[in-house]
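Enquirer: Quick check, what structure comes out for this input:
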Amino acid sequence: MSVEIERKFLVKGDGWREKSNGIFYRQGYLSLKKEHVVRIRVVGEKAFLTVKSTSKWASRMEFEYPIPLQDAEYMLNHLCEKPLIEKKRYTFESGGMTWEVDEFFNENAGLILAEVELTSEDQSLELPSWIGREVTGDSRFYNSSLIRKPYSKWTDDSRQSSVDSR
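Expert: Numbers count the residues shown, from 1 in each chain. Got it, this is the predicted structure:
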């Protein structure tokens, strides 16, 4: 069993862009139940099936397994709920931590989130200058929520409140 402890933040500015070349991610969900989600993800030429439990602030159970790329592509195209999540992930080191910045496309274009995995919820964290408001625990920013209500469908007030706090 694996526990994922992750904090999420909105990103401000473009200072992070020059730090890494990104890799394209394509992912979809076979199950979006409140108690758990089942995700299919393709990263480059690799594919994974992931099961995640309900989040308790920054922590949740996570089980991830490699699967054949051809199987993943079929499930994304024919079995997963739409729209799919398409994003480019940039990974780099800052303050002794590995940061991942996700730049979303298509229905979620305009949304850029940073996340960092921790060893404990109370671990101290040095925030890079391009980090904006923390959104850990705000379910609107979960990838599984962006399937049901993509960023492009958010009201102007809702979108503005997330931008203003960057």
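
Enquirer: make it CA atoms for all contacts and neighbour counts henceforth
Expert: OK.

Enquirer: Report the residue spans of the chain with pLDDT below the cut-off.
Expert: The chain contains residues with pLDDT under 70 at 1, 19, 156-166.

Enquirer: let's see it at 80
Expert: 1, 18-20, 55-58, 156-166 (pLDDT under 80).

Enquirer: where do the strands sit along it?
Expert: For the chain, applying DSSP state E gives strands covering 3-11, 23-32, 36-43, 46-53, 59-67, 85-94, 97-104, 112-117, 131-134.

Enquirer: end-to-end on stretch 129-140?
Expert: End-to-end distance for stretch 129-140, by CA to CA, to the nearest Å: 24 Å.

Enquirer: just stretch 115-125 next, same as before
Expert: Stretch 115-125 has an end-to-end distance of 12 Å (CA to CA).

Enquirer: For that stretch, which residues meet the burial criterion?
Expert: The neighbour-count check on stretch 115-125 (16 or more other CA atoms under 10 Å) flags E115, V116, E117, L118 as buried.

Enquirer: Just want the most central residue of this protein.
Expert: N143 (5.2 Å; CA atoms, centre = their mean).
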